[in-house]
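# A structural model of the following input is requested.
(chains A, B, C and D)
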Number of protein chains: 2
Amino acid sequence: MRLTTKRRYALNAVLDLALQPRGCAVSLKEISDRQKIPLAYLEKLFRKLRQSEVVKSVRGAAGGYLLTKNASELTVADVVAAVEEHELDRNHCSGFCNCNEHMPCLTANLWKELNRTVYDFLNGITLEELIRKIRHEKQ
Amino acid sequence: MRLTTKRRYALNAVLDLALQPRGCAVSLKEISDRQKIPLAYLEKLFRKLRQSEVVKSVRGAAGGYLLTKNASELTVADVVAAVEEHELDRNHCSGFCNCNEHMPCLTANLWKELNRTVYDFLNGITLEELIRKIRHEKQ
DNA sequence: ATTATACCAGACTAAAATAGTCCGATATGA
DNA sequence: TCATATCGGACTATTTTAGTCTGGTATAAT
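This is a model prediction of the structure:
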């Protein structure tokens, strides 16, 4: 799984949000400035993050975004999956896996396991852990 | 990591090769027919597989390809890495990771660990194991 | 020798995924 | 009522992936 700018943006933006004092909504303008992410693109990403209930929004002036849960209850997998265009696991074999009498369909199964491994890895890391790292490194 | 057709083709083709009796070279034409992979594309893939010393070639009529090692000494990671256009781990942070005073560069580090995990997974599976699965499923 | 078969190399094109923009809404605090 | 935000979707640009095309070289068989 590549670290695309989309994933990096999403993670950095959500972490930026998580780093701000809880309770008050953070505007995308702020995040855009701090993280150097194009505002329009950030809006697109946060639409998905909201639909996946990683964040919730406050509309209107002084509006912005808030995490829906504690940083300890959100994982990297939540954030990454939210901004994914296609579902994370689209390696299903539906006639396209070249299975035939000489070669049963096993690459698809292999990748299913691989994706499980990747998911477990990303789901094992909470935003809180990352925040701790950030605070630690800043000293 | 997505299961692209390139990776699936490469794996299926090498497995097809590994399934043929050892010693005699297997032509891409045969593999192309059995696995339903465009011959020209297969040639392109096998060029890389040869450069990475996963296979070796025998030129001329009655020529073809052979595995360089035993199926037990080759892993899925070897095959996948061979056909990769860019190196598997290109998630390095060279000014593009948005690190700043509010956000040290940790997504890149995170992905480095993730890639390690992915590599370990793929490197833990030998072609021999896959072949065993194939033979087992055919019964 | 000649021919058919196969590998070999690189440039080229096509399609798909990613990255990002643009425009015009709607909501709301000041 | 205005400035500041979120919203939604269509649009474009760029990059990656997928695959083709052309022409070459090696070699076993005829």
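
# Please, where are all the helices along chain A?
A:5-19, A:28-35, A:39-51, A:76-83, A:107-123, A:127-137 (DSSP state H).

# Can you tell me which of those is nearest to B:Ala10?
helix A:107-123 (9.5 Å; C-beta to C-beta). C-beta coordinates here come from the backbone N, C-alpha and C atoms, glycine included.

# Quick check: A:Leu130 touching A:Val79?
No. Here A:Leu130 does not reach A:Val79: they are 10.1 Å apart, not a contact under C-beta atoms under 8 Å.

# Would you mind writing the CA trace of the helix or strand of chain A with the lowest mean pLDDT as PDB?
Lowest mean confidence among the helices and strands of chain A (mean pLDDT, DSSP states H and E): helix A:127-137, at a mean of 89. Extracted as PDB, the C-alpha positions of helix A:127-137 are listed here (Å, rounded to 0.1, in the frame of the first residue of the first chain):
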ATOM      1  CA  LEU A 127      -4.400   8.500  16.800                       C
ATOM      2  CA  GLU A 128      -3.500   8.900  20.500                       C
ATOM      3  CA  GLU A 129      -0.300   6.900  20.100                       C
ATOM      4  CA  LEU A 130       0.700   9.000  17.200                       C
ATOM      5  CA  ILE A 131       0.000  12.200  19.100                       C
ATOM      6  CA  ARG A 132       2.100  10.900  22.000                       C
ATOM      7  CA  LYS A 133       4.900  10.400  19.500                       C
ATOM      8  CA  ILE A 134       4.500  13.900  18.100                       C
ATOM      9  CA  ARG A 135       4.600  15.500  21.600                       C
ATOM     10  CA  HIS A 136       7.600  13.400  22.500                       C
ATOM     11  CA  GLU A 137       9.500  14.300  19.400                       C
END
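
# tilt between it and helix A:5-19?
80 degrees (axes from the mean of the first three to the mean of the last three C-alpha atoms, to 10 degrees).

# that older thread, of the helices of chain A, which shows the lowest average pLDDT?
Lowest mean pLDDT of those: helix A:127-137, a mean of 89.

# How about residues contacting stretch A:23-31?
Contacts to stretch A:23-31, defined as C-beta atoms under 8 Å, 6 or more residues apart in numbering or on different chains, come from residues A:13, A:16-17, A:20, A:37, A:39, A:42-43, A:46, A:57-58, A:62-66.
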